[in-house]
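Undergrad: structure for this input, please:
(chains A, B and C)
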Amino acid sequence: MIKLRIDGNEVEVNAGTPLLKAAQKLNIEIPTLCHYEGIEPYAACRVCTVEVVRGRRRRMVTACNYPATDGIEVFTDNERVRRARRLNLEMLLGRCSEVPAIRALAAKYGVEKSRFGYDPKEKCILCGLCVRMCSDIVKANVLSFAYSGPRRKVVTPFEREMATDVCIACGACAHVCPTGAITIEDLSQRRGEVPEMYLGPKTAISIPFQQAVPKVPYIDPDACIKMQTGGCGICAQVCEPEAINYKMQDEVVELDVGQILVATGYQIFDASQMAQYGYGKLDNVLSALEFEKMLNSTGPTGGRVLTKNGKEPRAIGIIHCIGSRDARYHKYCSRVCCMYALKFAHLVKDRTNAEVYQFYIDMRAFGKGYEEFYSRVLDEGVNVIRGKAAEVVEATWGNEREGHLLVRCEDTLIGKFREVPVDMVVLCAAIEPNVDQERVGQIFSLSRSPDGFFLERHPKLDPMGTVNDGIYLAGCCQGPKDIPDTVAQAQGAAARILAMIAKGEVLLDPIRASIDENLCGGCKVCNNLCPYMAITFDDVKKVSVVNETLCKGCGTCVAACPAGAITGSGFTDEQIFAEIEGILADAGNK
Amino acid sequence: MAFEPKIVGFLCNWCSYTGADLAGVSRIKWPPNVRPIRVMCSGRIDPTFVVKAFREGADGVLVSGCHPGDCHYYQGNYKALRRYHLLRRVLEQFGIHPDRLMLTWVSAAEGERWAKVTQEITERVRKLGPLHLKD
Amino acid sequence: MPYRLHMMVCAGTGCVSNRSLELRDALSAELARRGLDKEIEIVTTGCNGFCGVGPILLVQPDGIFYQKVQVKDVPLLVEEHLVKGRPVKSLMFTPPEAKEPVPRMRDIPFFGKQMLVALRNRGMIDPEKIEDYIARGGYQALAKALTTMTPKQIIEEIKASGLRGRGGGGFPTGIKWETCVHAHSEDGVRYLVCNADEGDPGAFMDRSIIEGDPHSVIEGMVIGAYAIGAHQGYIYVRHEYPLALKRFMIALDQAREYGLLGKDILGTGFDFDIEVHRGAGAFVCGESTALMASIEGRVGEPRAKYIHTVEVGLYNKPTVLNNVETFANVPVIIERGAKWFASIGTEHSKGTKVFSLAGRVKNTGLVEVPMGLSLRELIFDIGGGIADNGKFKAVQTGGPSGGFLPEDLLDLPVDYEKLYEAGSMMGSGGVVVMDHTSCMVDVARFFVDFLQSESCGKCTPCREGIKAMHGILSRICDGKGSEADLATLEELCSVVADTSLCALGGSAPNPVLTSLRYFRSEYEAHLQGKCPAGVCRALITFRINDKCTGCHLCFKACPTSAVLGEPKQMHSIIQGKCIKCGACYDVCKFEAVTKE
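TA: Here you go, the predicted structure:
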């Protein structure tokens, strides 16, 4: 540690610490345009110039990269420094005359107008942040400087207008640009299930959602530049506890467990399949999950309801039963939509002055307190239209040229066709089994009901058990249900599991094969047949022997034994023969 | 009175029996001609069971196990499949039309399929007519 | 059988472009024809420095100096001098003040006042023959250093000699080497780099040394490498120096063949080799950090040197970077001792310095003089005074970013500190002399223009500031300047010098600052709408006075038909049409066209 004085204040830092950082320790602000935490200092803008006095020597240095040494005295705001900054900013203002960031900083030093030129179009101050970001950090090497002196500029390879083949569209250059000279244009139509539902920006490292447990950030390997190109690594540089680990991989953990609670959830019906509602094609047609994210106070809009152009909508249409109660998609009712649609209506009414229209088939407010909530929402002035919306189309509202949407439907209560103009449409898409529901079902030998959800052992007597002992169900993997129902089912399943654990032992079916040593000829046919290798050959007695703890009682060996030496308890030949005789007792007599 | 075939169904415990159960739970109609006998695995079905069923007066026999790859005991259904092909030839030699025996796969989730399969074998045996072995 | 005479044909770039190689071939053919080729040897040497009078031919051992020798002169020369022993006066050089031609080289004032250390083998050896260099005592210093001295002793010797960097900075070489030795290098790797990226327009000291005596540079580099413990060296040569490159490559091969370079040098177990790196001609690549970036394969842009390159340099290793001339001095110091070297020069500037004299002097060329010589001696004694009997106005030392010094500073000695105090610098040794025909504002603008296009553009003050200066100077030259412009210029100069990233921007204001300091009246005249030197077109008018004889020459010369008048009658100029090209002024034989 060494000591130095900055503007008369003593500060202690490690030798070699850049003055900029040392000054930060004293909360002394030094302006800079070409510096960015994590990127190697470049010292090009010279705005961070300060005066350093060392013994008798006074010199002007750049704070971003001048290493602190013992005993120096630094002046960050004396007349010489202010003059240097003022003039350098005046030069930059002459170059980029209408860039707000430059204008603001120059104004701070008393420069309103530059004596060295006026260029309202130029925005780049050639600070090189984008170039360094692209080459040193991202290692994509798309941006570089070309030409020298006053002709210097930032270019893509061979100055092509589009460098989309080399640019990985990470957006880092635009992010670090201090003047807004680089803008990002989204050429793709992206929508999908990501934390912000593409309603807002997303970084490669983020906390999945605000209530996440544990609440730690994770890295999206597909978006992480470090993992894609080996560059960047800024998060590790700025993380003081050194918690970033790029080597961490997805790992498969094998656990031995006695019981399994399957709670694999559901997925949302893809509303773009129903083209008539315009999801994915029309702006401001949102899925319920996207709208929910928008309403979230930690979401991309901070909980404000906004259309794509950033305005508050004048009217919102909420369409129920998208993919539910529909013979072409899912016959069942998704059960939760009516209530969350009412919640949406309530929140919209609470936060905006927008009209809300609910397009429903039947309003299913079946739970405790639900009907009361429905009445309350109706009292709040929400319009409910009984009738499934036919389509959503673009239109213009009155003589305003601004585009909005029209919801067309038949109001079955008044028997009329209606067109309702709205600015935003929310689609209550169905809850449906996960795309890999079948695969998961196979893993756990679970049956599925015709709707594709997992089948409980008995709808009334055992709604959380399955035909397999020790495997239980909870939540929407078993069928659409709301949160109270899910909690109830999950707690019931947990209780069942705990009951089994508390008992400490498991009762097995006494279905086992056994070999009559006197009959066994020692042919060993059964030995290789057994999938559990429960049958071994006794070399002394020259007979096959069943290990009863390994045997699962499938009876394959019983059927195969040429000597009839193996019997399967519970399913002996005699028993089955008797069964056959029993069920065919009426045959032949007529 | 129309001929109502009597069909013995051997169903494995894990898939087909549960599938048949599901059909019942799901209120799916399936012909009462098929009379199920539960075994733990289709691999347990000894050819003699089938022969016994025909001797006892069955007009047809349905063997149903898990889908290939889904067997609760890994591969019991393959063994059933092996025996089924041999057994069809034996039946033919006995003068029993091999189509009176049917092997199928019905999983625990396929209540509807169970209904379909039972309808299929019932119709098939109905066409073949009574076997009259018991008399 | 030894040769009777040696004909030393100068093969420096200047003389080669004056066809000295054809001259050599003609000479050789003539000698063969006359059967003299067994008695007289022709040697092609490096640059003699007196490039203004090339091709140069020196006849040794008498030291008879012939200038501007053409192929057609060969038969006469051979007949008279070589056969009859009568040196040819018509081909000799006549100094400006002298009446008679001076036969011997050492008697010519241009050479007489010089002291050759770095250029010790000038005109004496064939640069493509290592034997010539060895015959002149070459590589003896290397042998002495490697076999009898420790690296520490060498550094002490260099420190004691007071040798300072000849590239412009003037940093003491010994201290630089010592710092490098003490700098921490994880794997012990250190590099030695020779800077031969001579970018100053009109300067050719380094080129001349490499072309004329490449081995002296190699020897200096090997000694330096031994002193700092480097095993790999680089020389960064401009691609515009093909002859220097070629000769240096030949010299490297020869040195390797002789065991003076490469593995196990002189059997001492010391390894060192040199790799040649060609620069693409960016002025800024002469800056040490930009040069190293360029060697590393990156864009040649300087970086901040708060951590010196001797500590973190090429490939982030401790690196010693010295100029060609500095290395050429090293063997002499080792051989003759620090004491001898330190006896030359001034208190803080020891030894000699090579200058390239250019501009409005009579004798242009390359000279090596002891430090402390006054500018007056340099320009008037060696340079022979102002050409065309003009009047001295200013001298610029140190290349395009050096300052202009006026007449009353002519007695300033050539010394790092003295030049710096006067607002100029030693630089790499360019000396440009200006006479009364130069407008100082225009000259300042010219150099600022050069510097703005050679700036790499990385930092704001250098890129935007020099451009702004150029804009203001152009405005003044166009007669549109104001008093406020001068204040702005001074403010700009001071901030650009204060805040620029590297020395290019740091020294770029020198021409402007010194011209403002010493020639402010010229600026003020421009503000009044007058260009005293009659250079700035916007501020001059051409008129025809009554001396006009009506010769009609100006009428014919004028490209825009601005001259009116019938032959044998007085002419006049239509100002509206005149583009101020000066064609009429140049053709008038009667001083009838005036410029004001």
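Undergrad: tell me if the helix or strand of chain B with the lowest mean pLDDT is near chain A.
TA: Of the helices and strands making up chain B, the lowest-confidence element is helix B:16-25, at a mean of 88, by mean pLDDT, DSSP states H and E. Yes: counting by Cβ under 8 Å from any Cβ of the partner chain, contacts between helix B:16-25 and chain A involve B:18, B:19, B:22, B:25. In this view, the C-beta of every residue, glycine as well, is placed from N, C-alpha and C.
Undergrad: a markdown table please, covering those residues and showing neighbour count.
TA: A markdown table is the format used below for these (neighbours: other Cβ atoms under 10 Å in any protein chain shown):
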| residue | neighbour count |
| --- | --- |
| B:18 | 28 |
| B:19 | 27 |
| B:22 | 26 |
| B:25 | 15 |
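Undergrad: chain neighbours aside, what residue packs nearest to residue B:126?
TA: Residue nearest to residue B:126 in three dimensions, not counting chain neighbours: residue B:5, with 5.4 Å by Cβ to Cβ, 6 or more residues apart in numbering or on different chains.
Undergrad: typed the wrong thing, it's residue C:194
TA: Per Cβ to Cβ, 6+ apart, closest to residue C:194 is residue C:235, 4.2 Å.
Undergrad: list the neighbouring strands of the host helix or strand of the one you found plus their orientation.
TA: For residue C:235, the host element (DSSP states H and E) is strand C:232-238. Strand pairing for strand C:232-238, determined by DSSP bridges: strand C:191-196 (parallel), strand C:270-279 (parallel).
Undergrad: hey, which of the ones you listed is tucked in deepest?
TA: strand C:191-196 (a mean of 28; mean count of other Cβ atoms under 10 Å in any protein chain shown).
Undergrad: how far off centre is that strand?
TA: Using Cα atoms, centre = their mean, to the nearest Å, the mean C-alpha position of strand C:191-196 is found 19 Å from that of the whole chain.
Undergrad: just stretch C:83-103 next, same as before
TA: With Cα atoms, centre = their mean, you get 28 Å for stretch C:83-103.
Undergrad: list the buried residues for it?
TA: Applying a neighbour-count criterion of 16 or more other Cβ atoms under 10 Å in any protein chain shown, the buried positions in stretch C:83-103 are C:87, C:88, C:91, C:92, C:93, C:95, C:96, C:101, C:102, C:103.
Undergrad: got it, and stretch C:250-268?
TA: C:251, C:252, C:254, C:255, C:256, C:258, C:260, C:261, C:265, C:266.
Undergrad: so the residue lying closest to residue A:283 once chain neighbours are set aside versus chain B, what's the distance?
TA: Using Cβ to Cβ, 6+ apart and skipping the chain neighbours, the partner closest in space to residue A:283 is residue A:308 (4.6 Å). Distance, residue A:308 to chain B, by Cβ to the nearest Cβ, to the nearest Å: 43 Å.
Undergrad: how close does residue A:428 get to residue A:229?
TA: As defined by Cβ to Cβ, to the nearest Å, residue A:428 lies at a distance of 42 Å from residue A:229.
Undergrad: of those two, which one has the most company?
TA: residue A:428 (28 against 15; other Cβ atoms under 10 Å in any protein chain shown).
Undergrad: show me what residue of the stretch 451-596 of chain C gets nearest to chain B.
TA: As assessed by Cβ to the nearest Cβ, chain B sits closest to residue C:458 within the stretch 451-596 of chain C, at 66.9 Å.
Undergrad: any low-confidence regions in the stretch 201-350 of chain A?
TA: Along the stretch 201-350 of chain A, the model assigns pLDDT under 70 to residues A:201-203.
Undergrad: can you give me the strands in it?
TA: Ranges of strands within the stretch 201-350 of chain A are A:205-206, A:218-219, A:260-262, A:266-268, A:285-287, A:315-322, based on DSSP state E, counting those that start in this stretch.
Undergrad: kindly report the same for the stretch 451-596 of chain C.
TA: C:542-544, C:563-564, C:572-573, C:593-595.
Undergrad: go on, chain B?
TA: Per DSSP state E, chain B carries strands over the ranges B:7-12, B:34-39, B:60-65, B:101-105.
Undergrad: which one of the ones you listed lies closest to chain A?
TA: That would be strand B:34-39 among those, by Cβ to the nearest Cβ, at 4.3 Å.
Undergrad: so what strands line up beside the closest one?
TA: Sheet pairing for strand B:34-39, assigned by DSSP bridges, gives strand B:7-12 (parallel).
Undergrad: before we move on, back to that, verify the stated contact: the residue nearest to residue A:283 with residue A:285.
TA: No: with contact defined as Cβ atoms under 8 Å, residue A:308 does not reach residue A:285; the gap is 10.2 Å.
Undergrad: domain-wise, how is chain C divided?
TA: C:5-104, C:130-341, C:352-435, C:440-527, C:541-595 (automatic domain parsing).
Undergrad: gap between the least confident helix or strand of chain B and the chain center?
TA: Taking Cα atoms, centre = their mean, one finds helix B:16-25 lying 14 Å from the centre of the chain it belongs to.
Undergrad: tell me what that helix is packed against?
TA: Here helix B:16-25 touches strand B:7-12, strand B:34-39, strand B:60-65, helix B:111-128, going by 3 or more Cβ pairs under 8 Å, 6 or more residues apart in numbering or on different chains; DSSP states H and E.
Undergrad: now residue B:16: how far from chain C?
TA: Distance, residue B:16 to chain C, using Cβ to the nearest Cβ: 73 Å.
Undergrad: any chance of the strands paired with strand C:232-238 in TSV, plus mean pLDDT?
TA: Supplementary listing: the strands paired with strand C:232-238 in TSV, determined by pLDDT from 0 to 100:
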stretch	mean pLDDT
strand C:191-196	95
strand C:270-279	94
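Undergrad: can you tell me the closest non-neighbouring residue to residue 525?
TA: By default, I'm working from chain A. residue A:560 (5.7 Å).
Undergrad: you looked at the wrong chain, it should be chain C
TA: The nearest residue in space to residue C:525 (Cβ to Cβ, 6+ apart) is residue C:532, at 5.2 Å.
Undergrad: separation between the residue of chain A at minimum distance from chain C and residue A:122?
TA: Going by Cβ to the nearest Cβ, chain C is nearest to residue A:152 of chain A, at 3.1 Å. Per Cβ to Cβ, residue A:152 is found 12 Å from residue A:122.
Undergrad: likewise residue B:96?
TA: Separation of residue B:96 from residue A:122 (Cβ to Cβ): 95 Å.
Undergrad: for the residue most central in space within chain C, what are its contacts?
TA: In chain C, the residue lying closest to the centroid (Cα atoms, centre = their mean) is residue C:203, at 2.5 Å. By Cβ atoms under 8 Å, 6 or more residues apart in numbering or on different chains, the residues touching residue C:203 are C:356, C:399, C:427, C:428, C:429, C:430.
Undergrad: nearest residue to the third one other than its sequence neighbours?
TA: Distances taken as Cβ to Cβ, 6+ apart place residue C:398 nearest to residue C:427, at 2.5 Å, with adjacent residues excluded.
Undergrad: hang on, residue A:464 packs against residue A:495?
TA: No: checked against Cβ under 8 Å, the pair residue A:464 and residue A:495 is beyond contact range at 9.0 Å.
Undergrad: between these two, tell me which one has more neighbours.
TA: More crowded of residue A:464 and residue A:495, by other Cβ under 10 Å: residue A:464, with 23 against 12.
Undergrad: for residue A:395, give the beta-bridge partners.
TA: Beta-bridge partners of residue A:395, counted by DSSP bridges, are residue A:404.
Undergrad: ok, it touching residue A:408?
TA: No: with contact defined as Cβ under 8 Å, residue A:395 does not reach residue A:408; the gap is 10.0 Å.
Undergrad: residue 130: neighbour count?
TA: Unless you meant another one, I'm taking chain A. 23.
Undergrad: ah, I was thinking of chain C
TA: Using other Cβ under 10 Å, residue C:130 is surrounded by 23 other residues.
Undergrad: let me know the pLDDT of it.
TA: Note for residue C:130: predicted pLDDT of 94.
Undergrad: any low-confidence regions in the chain?
TA: Defaulting to chain A. Scanning chain A with the threshold set as pLDDT under 70 gives A:162-164, A:186-203, A:396-403, A:588-590.
Undergrad: correction: the question concerned chain B.
TA: B:1, B:135.
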